[in-house]
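Trainee: Quick one, what's the 3D model for this:
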Amino acid sequence: MALRWAGVGVNCAEYIRNVAIAFDQLCNAIMCGKPGETISSRVGAAALAGKTWAIPCQFVINAIFLIFTGKWDHCYNAIEWDEQTSVTTFR
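Mentor: Next comes the predicted model:
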């Protein structure tokens, strides 16, 4: 099913995915994160850097995405390496 807005057809699933990512980035920015980075990316990079708060967050996020995608390593795969200045500089 395609949505029509301003004469442009958009795939409904793609639209919902894009809005979800934008909302995720907004929530991350509200929590003092980088505006273009998702929560999963932030958590994955922080867990990789050994931040203790990120380990349970990563477990929960990965468990949720395991249900929908069948893959366990969502947070690591979501790391936006271009958003990272240093793997050791996370709150």
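Trainee: Tell me where this structure has strands.
Mentor: Here the chain has its strands, by DSSP state E, at 2-5, 8-11.
Trainee: least reliable of those going by mean pLDDT?
Mentor: Among these, strand 2-5 carries the lowest mean pLDDT, at a mean of 58.
Trainee: Please work out which residues outside stretch 19-36 touch it.
Mentor: E37, T38, I39, S40, R42, E80, E83, R91 (Cβ atoms under 8 Å, 6 or more residues apart in numbering). C-beta here means a position set from N, CA and C on the backbone, and glycine is covered the same way.
Trainee: tell me the mean pLDDT over that stretch?
Mentor: 92.
Trainee: buried ones in that stretch?
Mentor: D24, Q25, N28, G33 (16 or more other Cβ atoms under 10 Å).
Trainee: quick revisit: which ones among the contacts of stretch 19-36 map onto helices?
Mentor: Members of these lying in helices (criterion: DSSP state H): I39, S40, R42.
Trainee: Do I have it right that the first one meets Q58?
Mentor: No - contact between I39 and Q58 fails when scored by Cβ atoms under 8 Å: they sit 10.5 Å apart.
Trainee: Those two - which one has more neighbours?
Mentor: In this view I39 and Q58 are compared by other Cβ atoms under 10 Å, and Q58 has more residues nearby, 21 against 17.
Trainee: circling back: which one among the buried residues of stretch 19-36 gets closest to F68?
Mentor: Nearest to F68 among the buried residues of stretch 19-36: D24, at 14.1 Å, using Cβ to Cβ.
Trainee: now the closest one: how far from V43?
Mentor: D24 sits at a distance of 11 Å from V43 (criterion: Cβ to Cβ, to the nearest Å).
Trainee: where do the helices sit along the chain?
Mentor: Applying DSSP H to the chain gives helices spanning 12-30, 39-48, 54-69, 74-78.
Trainee: Buried deepest among these, which one?
Mentor: helix 39-48 (a mean of 23; mean count of other Cβ atoms under 10 Å).
Trainee: centre of the chain versus stretch 37-44, how much separation?
Mentor: 5 Å (Cα atoms, centre = their mean, to the nearest Å).
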